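# just the structure for this:
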Amino acid sequence: MAPPLDARPAPDPSQVPDDLLMTVRDHLARGGAELTPERVARALREDGRPVGDATVLAVHDALRRDVHGAGPLEALLVVPGVTDVLVNGAGQVWLDRGDGLELTDVAFPDDEAVRRLAQRLAAAGGRRLDDASPYVDLRLPDGTRFHAVLAPIARPGTVLSLRVPRRRVFELDDLRAGGSVSAEGARLLRRIVERRLAFLVSGGTGTGKTTLLNALLTLCDPAERLVLVEDSSELRPDHPHVVALEARPANLEGAGEVTVRTLVRQALRMRPDRLVVGEVRGGEVVDLLAAMNTGHEGGCGTLHANSATDVPNRVASLAMAAGLPREAALSQLASAVDLVVHLHRPRGRARQVREIGVLHRVGAEVTAHPAVTFGTDLEPRPGPGFDRLEELLAR
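Numbering: from 1, shown residues only. Here you go, the predicted structure:
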């Protein structure tokens with residue numbers, strides 16, 4: 001006797017022909033029926049199709065994935081170690097497992113299928129995506145960061161970017177074992193956290209800024225209260241006292257927006273021992289600098305920058321766009337932040353801590369002097385700011 005329908009090994013939904021899926025999808029749409037294996041079997045029978053258990057299960061799983069999951073991308077999102085899944089139109093789907101981008105054999109039948117998936121994921125996050133509003137950036141209910149731009153604005157078709165949340169928080173020892181930092185570098189980072197120095201983690205996109213900040217926050221004293229402010233919730237430090245605030249975009253009517261700047265001000269009223277801004281990329285830098293100048297030691301955040309020496313100019317540019325003069329922004333930066341930890345991602349290699357810089361003020365200008373640099377062998381090499389770093393660590 002054949003085993004029950006749900007007892008057979010699950011077939012590969014990606015192998016189901018598109019015309020078969022279309023037939024069952026149309027049948028269910030006409031009848032307003034809920035997606036179940038029994039209704040899939042009935043639709044196949046009415047269309048004169050084969051109704052074997054394996055076929056029914058494959059069609060059901062493919063449609064369920066298309067309706068509730070990430071469609072053809074579902075299998076890629078659960079690949080061990082995957083950090084990003086990128087869709088460049090219907091014909092190119094890439095993934096990143098930490099060692100660079102890899103072209104997969106996953107493809108969509110046409111750009112309309114990519115567009116449907118993008119709109120469904122946007123709707124799952126409570127956002128609108130259509131020709132009047134052709135791009136969206138949001139966090140999905142499972143924590144995945146989702147960004148999309150519709151064609152024809154995007155070429156070669158609708159473009160999707162999914163940043164997959166870490167299944168677990170990496171500790172500093174994990175990063176050391178993975179080649180991101182040497183043993184001596186790890187000891188230096190521990191001392192920075194223990195001494196409650198204020199710092200920014202800088203680097204380009206995908207260099208591991210959030211991963212490193214997670215690991216460093218995990219080192220904080222369990223008695224400390226961490227208040228995290230993020231545009232999209234990604235920080236998950238393994239710490240017993242964490243309060244997280246997440247910004248909210250406006251709804252379809254244009255109301256209800258809660259900005260990172262607003263949340264930084266709210267965080268100051270929540271008695272934080274450490275105030276953390278997950279990513280500084282706009283006017284919130286003004287409130288962060290103001291907050292870190294009110295006696296809250298050990299504050300930190302991440303920032304996009306090409307090097308540690310570029311951080312002062314980057315902060316000044318963001319602050320000036322928010323209405324704070326350059327001289328005032330640099331003055332607050334020098335008073336609030338002790339050092340910068342910069343990350344780099346060499347081509348074809350693991351993300352690495354490249355340098356630690358200390359801030360130095362001369363008149364109205366602020367520069368970041370390299371205190372320790374790490375070569376390809378990850379061994380630390382003292383720089384011009386090394387003595388200042390030692391002073392800060394001994395403070």
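# surely G178 touches A350?
Yes: assessed by C-beta atoms under 8 Å, G178 is found in contact with A350 at 5.7 Å. C-betas here are computed from N, CA, C, even on glycine.
# just name the shakiest helix or strand of the protein by mean pLDDT.
Within the chain, judged by mean pLDDT, DSSP states H and E, the helix or strand with the poorest mean is helix 18-31; its value is a mean of 63.
# what about the helix or strand just after it, average pLDDT?
For helix 18-31, the succeeding helix or strand toward the C-terminus, using DSSP states H and E, is helix 37-46. Throughout helix 37-46, pLDDT has a mean value of 76.
# surely L138 is within a helix?
No: under DSSP: H, G, I helix; E, B strand; the rest coil, L138 falls outside any helix and is assigned strand.
# residues contacting it?
A122, G125, G126, R127, R145, F146, H147, S232, P249 (C-beta atoms under 8 Å, 6 or more residues apart in numbering).
# and what of A308?
S202, V340, V341, H342, R354, E355, I356, G357, A368, P370.
# for F146, name its beta-bridge partners.
L138, L162 (DSSP bridges).
# so what's the residue most central in space within the chain up against?
Centroid-nearest residue in the chain, with C-alpha atoms, centre = their mean: R163, separated by 5.1 Å. By C-beta under 8 Å, 6+ apart, R163 lies in contact with T83, D84, T144, R145, F146, E234.
# and the third one, how many neighbours?
Yep, that's T144 we're talking about. A count of neighbours around T144, defined by other C-beta atoms under 10 Å, yields 18.
# separation between the residue nearest to it when sequence neighbours are not counted and D142?
Leaving aside its sequence neighbours, T144 sits nearest to L162 (C-beta to C-beta, 6 or more residues apart in numbering; 5.4 Å). Here L162 is placed at a distance of 10 Å from D142 (C-beta to C-beta, to the nearest Å).
# how about H304?
Taken as C-beta to C-beta, the span from H304 to D142 is 25 Å.
# look at the closest residue to P346 other than its chain neighbours and report its pLDDT.
Once flanking residues are discounted, P346 sits nearest to Q352: 6.7 Å by C-beta to C-beta, 6+ apart. Q352 carries a pLDDT value of 92.
# quick one: the strands in the stretch 251-395 of the chain?
Assigned by DSSP state E, counting those that start in this stretch, the strands in the stretch 251-395 of the chain fall at 274-280, 300-304, 339-344, 352-362, 365-374, 380-382.
# the stretch 101-250 of the chain too?
Counting by DSSP E, counting those that start in this stretch, the strands of the stretch 101-250 of the chain are 101-103, 135-139, 145-149, 159-163, 199-203, 226-230, 242-246.
# could you tell me the least trusted of those?
Comparing mean pLDDT across the strands of the stretch 101-250 of the chain, the weakest is strand 135-139, with a mean of 88.
# angle of that one against strand 226-230?
160 degrees (axes from the mean of the first three to the mean of the last three C-alpha atoms, to 10 degrees).
# quick check: buried residues in strand 135-139?
V136, D137, L138, R139 (16 or more other C-beta atoms under 10 Å).
# redo these as CSV? Include distance to F374.
Shown next, in CSV, are the buried residues of strand 135-139 (distance: C-beta to C-beta, whole Å):
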residue, distance to F374
V136, 38
D137, 33
L138, 35
R139, 32
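# contacting residues around G282?
V260, R261, L318, A321, A322.
# could you dump those residues to a markdown table with pLDDT and neighbour count?
Shown next, in a markdown table, are the contacts of G282 (pLDDT from 0 to 100; neighbours: other C-beta atoms under 10 Å):
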| residue | pLDDT | neighbour count |
| --- | --- | --- |
| V260 | 87 | 23 |
| R261 | 87 | 17 |
| L318 | 93 | 22 |
| A321 | 91 | 12 |
| A322 | 90 | 15 |
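# which members of the residues you listed are the farthest-apart pair?
V260 and A321 (14.1 Å; C-beta to C-beta).
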